[in-house]
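Trainee: Have a look; sequence and predicted model below, questions after that.
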Amino acid sequence: MDGKTIDTNAPVQDAEDGVESWSSFVLFVLKLALIVLIFRSFVFSPFSIPSQSMQPRLWNGDYLLAAKWPYGISKYSLPFEAPLISGRIFASEPERGDVVIFKHPIDGTDYIKRVIGLPGDTVTMRGGKVVLNGRELSQVRLDDVIIPVSPNSGCSRPNALEIGPDGHEVCRYTRFRETLPSGKSYDVIDLEDSFVDDTTPHIVPEGRIFVLGDNRDSSYDSRFPAAPEKGVGLVPQEKLVGRASFIVWSTDGRSEWIKPWTWFSAARWNRIGDGL
């Protein structure tokens, strides 16, 4: 009689083997989730840049990894700010010039700025320049920075908009190289005269830091009193989340999830891997 041939020597899997295989898979997934949780909480965690306040170093659409351990571990290191840690464990103070991520003192959203003043410092603005402990930080004029207009980033000022050599819209910003007393330097943008170009002195108390955005005319920072979705005042160090380390991805906003090929055409490849 015709029919399929059965190999009587083949092993037969019973129900218990199936249950054991499923249990092993679930255990593997749980272990993997635990490893990811530990990595994101205590090693590196991803963040995206949604504004222009840190141009020219960081652009809208940049995705970066922040080191979670440099300033200590707190509840802000944990998912959903789980209240499992009191205060900061292994607390350490940031250095001037660090690009830090912290929780807004009022509304709790993630902000990213550059540390300028530490406890005991006196910081003020004079004619658009930072005066730190009575000494004006050096600013050297550089070539203008050109940033392409894209779906996720326009110009922060209308008069910065122009047409580039290739016929596409770009933003032209006045750029300076600012240098701290330690010798650390970074680029900043100064677009126009602003009412916060001259401020009264801020004396940084213990446990706080004074932060600024690199795009000085488009940043709510320590020059402004803390208010929801606006200024941050003198930031409590207990609100620190991590130190920005390097850019892992950057997109100009033209990508669509349903069109995977646009993920690559919209990528700004020359920015990926840049250290901060």
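Mentor: Structure's in. What do you need? Numbering: from 1, shown residues only.
Trainee: neighbours of Tyr76, just the number please.
Mentor: 21 (other CB atoms under 10 Å). For the C-beta atoms, the positions are set from N, CA and C on the backbone; glycine is no exception.
Trainee: what does the one 10 residues further on give?
Mentor: As a burial measure, the neighbour count of Ser86 was computed by other CB under 10 Å and equals 8.
Trainee: what does Pro46 give?
Mentor: 11.
Trainee: quick one: it and Leu64 touch, right?
Mentor: Yes: counting by CB atoms under 8 Å, Pro46 does reach Leu64; the two are 7.2 Å apart.
Trainee: Between those two, which contacts overlap?
Mentor: Val248 (CB atoms under 8 Å, 6 or more residues apart in numbering).
Trainee: Phi, psi for Arg271 please.
Mentor: Per-residue torsions, Arg271: phi -100, psi -20 (degrees, to the nearest 10).
Trainee: So what does the residue nearest to it when sequence neighbours are not counted have for phi and psi?
Mentor: Nearest residue to Arg271, sequence neighbours excluded (CB to CB, 6 or more residues apart in numbering): Ser250, at 4.1 Å. Here is the backbone geometry of Ser250 (degrees, to the nearest 10): phi -150, psi 130.
Trainee: Please name the bridge partners of Ser250.
Mentor: Asp62 (DSSP bridges).
Trainee: for it, what are its contacts?
Mentor: Trp59, Gly61, Asp62, Tyr63, Ala267, Arg268, Arg271, Ile272.
Trainee: for the helix or strand harbouring Lys31, what is the average pLDDT?
Mentor: In the assignment (DSSP states H and E), Lys31 maps to helix 15-42. Mean pLDDT, computed over helix 15-42, is 73.
Trainee: Counting neighbours, which bits of it end up buried?
Mentor: Of all the residues in helix 15-42, those buried under the rule 16 or more other CB atoms under 10 Å are Ser41.
Trainee: And the next helix or strand past it?
Mentor: Trace forward from helix 15-42 with DSSP H and E and the next one is strand 44-48.
Trainee: relative to helix 15-42, how tilted is that next one?
Mentor: 70 degrees (axes from the mean of the first three to the mean of the last three CA atoms, to 10 degrees).
Trainee: going forward, begin numbering at 620 instead of 1
Mentor: Happy to do that; since the first residue is 620 now, the last one works out to strand 663-667.
Trainee: Show me what strand 663-667 packs onto, helices and strands only.
Mentor: strand 681-686, strand 859-869 (3 or more CB pairs under 8 Å, 6 or more residues apart in numbering; DSSP states H and E).
Trainee: Perfect, I'm done here.
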